[in-house]
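heads up, no residue letters with this:
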């Protein structure tokens, strides 16, 4: 402890604290995890020391590196690399509802999955995968850290039985007090992927009982349709209720849209070492094609002799002498201050047939959620296309109506102007021609009509007549007829002018 100066406290947990420290002779900063072991039981102290051993064996570009460890009577100290980019949980919170793009999500996911493959290949369970335990560097790389509750297994298919984890990321088998293996880490990794994709927890509730019930049902809100079908299907497969239905880490990395990103993050020699080897109790056995029969590798001292590929474990009920049968029942929620809400009498447990039926129903629900998301995406796409087509049709109809109205207006104006011109021409002709030009009228001046006085034998003319006219008992019939014809033509002209004005008023109104 004398070699390091404590700079600030950056975290605390059930058994200790995490400090940002700096060596007295160096400028580089590290994280020192201080675990209080003075009041721990012997098993807990052994688990803490086991963490040091596990960390020291994890050498991977996307795992937080182990630097050193030491111990005093009160605490165990572990020195690790410091990731100056914070953790993934803080980065998600900083988005404030703005979704990450899919490339960024898959970049982080591939790095974390490569780290988890390295862990699982060495028969180690992380068992506390969460966004708070994924750390970011300044250049944006993601590293998996905090192996404080990891469990070293004695065989690849053995089942660990210690319930530890983070509530939001607990798998259904842990909540139901069932055995679990590396598929529980896959569930937690699926929860992290869902969180980074949607910026929300896959399973959330106001209390512990509600959270556990949601996890056991395995139902979650669909992924937004903006993301690809490959990503949505991957998340749904990682969050299957039944562990055996979830893909392994190696299966995930073999998916085409994931595998093509791996060379971007692993150097060629690291890629060969990670994907072309067999792990035996922490030793990597490289395959040398030039020497198909290499000499046997000596087993490290202290490591018991075991079969490389042990047979699958028998069911718990068929192994009465196993460690699992002797272990006392555990309460999954005790780590969070409460009893397990799922503990019930054995007689109340559903039969295998009922469990299978429930699992099929939940799988069908998950499948339908994926299908519904795809259908929703197609419906949205079709709705947008129909909206565009409708808008184009409305625009075309509007243009046609405008053109038709314009043509009608032009025709009306044209007819109106033609009628006005015709009436003007008629008026001009009528007024410009003299009286002798009218048909039936002589060149003589028209004489006003003679007014007869019935009681007098004299004939008088209107006072307006200035020239005296000789009295005649009988009027000139020819001259009277010409005068009547003139007035008839004049009345017709006035009638046409009145009709033209009425038509003009009607056109103006229309």
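Perfect, I can see it now. Here the structure is a predicted model, which is why all the values come from computation and not from measurement. Numbering: from 1, shown residues only.

Count residues in the vicinity of the closest residue to residue 249 other than its chain neighbours, would you?
Closest residue in space to residue 249, ignoring its immediate chain neighbours: residue 117 at 4.6 Å, by C-beta to C-beta, 6 or more residues apart in numbering. Quick note: C-beta positions are derived from backbone N, CA and C, even for glycine. Counted with other C-beta atoms under 10 Å, the neighbours of residue 117 add up to 19.

Over to residue 196?
Burial measure for residue 196: 24 neighbouring residues, criterion other C-beta under 10 Å.

these two touch, right, it and residue 100?
Yes. Between residue 196 and residue 100 there is a contact at 6.4 Å, judged by C-beta atoms under 8 Å.

Now for residue 106, how many residues are close by?
Neighbours of residue 106 (other C-beta under 10 Å): 22.

What sits closest to it if chain neighbours are left out?
Nearest in space to residue 106, with sequence neighbours left out and distances taken as C-beta to C-beta, 6+ apart, is residue 261 at 6.3 Å.

Over to residue 169?
If the residues on either side of it in the chain are set aside, residue 169 comes closest to residue 188, at 4.2 Å by C-beta to C-beta, 6+ apart.

Need phi/psi at the residue nearest to residue 249.
With angles defined as degrees, to the nearest 10, residue 117 sits at phi -60, psi -40.

repeat for the one 5 residues further on
Residue 122 has phi and psi values of phi -100, psi 20 when expressed as degrees, to the nearest 10.

Determine the number of other residues adjacent to it.
Using other C-beta under 10 Å, residue 122 is surrounded by 19 other residues.

Check residue 126 too.
Residues lying near residue 126 (other C-beta under 10 Å) number 27.

do the one 3 residues further on as well
Here the count is done by other C-beta under 10 Å, and residue 129 has 27 residues near it.

Correct me if wrong: it contacts residue 190.
No. Checked against C-beta under 8 Å, the pair residue 129 and residue 190 is beyond contact range at 9.5 Å.

Tell me who's in contact with the residue nearest to residue 249.
The contact partners of residue 117, taken as C-beta atoms under 8 Å, 6 or more residues apart in numbering, are 249, 250, 253, 274.

ok, and for the helix or strand hosting the third one, which residues are buried?
Counting by DSSP states H and E, the element that carries residue 253 is helix 249-254. Of the residues in helix 249-254, those buried under the neighbour-count criterion (16 or more other C-beta atoms under 10 Å) are 249, 252, 253.

How about the contacts made by the second one?
It refers to residue 252. Contacts of residue 252 (C-beta under 8 Å, 6+ apart): 113, 186, 234, 238, 258.

what about it, distance to residue 108?
From residue 252 across to residue 108, the span is 14 Å (C-beta to C-beta, to the nearest Å).

Just give the number of residues close to residue 112.
25.

Might one say that it is in contact with residue 62?
Yes. Using C-beta under 8 Å as the test, residue 112 is close enough to residue 62 to be in contact (6.9 Å).

Between those two, which contacts overlap?
142, 144.

And the strands in the stretch 151-300 of the chain?
In the stretch 151-300 of the chain, the strands defined using DSSP state E, counting those that start in this stretch lie at 151-152, 277-280, 283-286.

Lowest average confidence across these, which one?
Per-stretch mean pLDDT for those is lowest at strand 283-286 (a mean of 44).

what about the strands in the protein?
4-12, 16-23, 30-36, 66-71, 75-81, 124-125, 134-136, 142-144, 151-152, 277-280, 283-286, 451-452, 459-460 (DSSP state E).

Output these as JSON lines; include the columns distance to residue 215 and mean neighbour count.
Shown next, in JSON lines, are the strands of the chain (distance: least, C-beta to C-beta, whole Å; neighbours: other C-beta atoms under 10 Å):
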{"stretch": "strand 4-12", "distance to residue 215": "25", "mean neighbour count": "13"}
{"stretch": "strand 16-23", "distance to residue 215": "28", "mean neighbour count": "18"}
{"stretch": "strand 30-36", "distance to residue 215": "29", "mean neighbour count": "22"}
{"stretch": "strand 66-71", "distance to residue 215": "32", "mean neighbour count": "16"}
{"stretch": "strand 75-81", "distance to residue 215": "30", "mean neighbour count": "20"}
{"stretch": "strand 124-125", "distance to residue 215": "18", "mean neighbour count": "23"}
{"stretch": "strand 134-136", "distance to residue 215": "20", "mean neighbour count": "24"}
{"stretch": "strand 142-144", "distance to residue 215": "22", "mean neighbour count": "24"}
{"stretch": "strand 151-152", "distance to residue 215": "21", "mean neighbour count": "18"}
{"stretch": "strand 277-280", "distance to residue 215": "31", "mean neighbour count": "14"}
{"stretch": "strand 283-286", "distance to residue 215": "36", "mean neighbour count": "12"}
{"stretch": "strand 451-452", "distance to residue 215": "123", "mean neighbour count": "12"}
{"stretch": "strand 459-460", "distance to residue 215": "128", "mean neighbour count": "14"}
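
Could you work out which of the ones you listed reaches nearest to residue 221?
When these are compared by C-beta to C-beta, strand 134-136 sits nearest residue 221, at 22.1 Å.

Now tell me which helix or strand of this structure has the poorest mean pLDDT.
helix 323-326 (a mean of 37; mean pLDDT, DSSP states H and E).

Pull the contacting residues for residue 375.
Residues in contact with residue 375 (C-beta under 8 Å, 6+ apart): none are found.

shaky segments in this structure?
Counting by pLDDT under 70, the low-confidence segments of the chain come to 1, 13-15, 147-166, 277-374, 376, 433-486, 510.

Helices of that one, start to end?
Counting by DSSP state H, residue ranges of the helices within the chain are 42-57, 88-94, 102-121, 172-175, 182-198, 208-217, 229-238, 249-254, 256-259, 268-275, 323-326, 352-432, 477-509.
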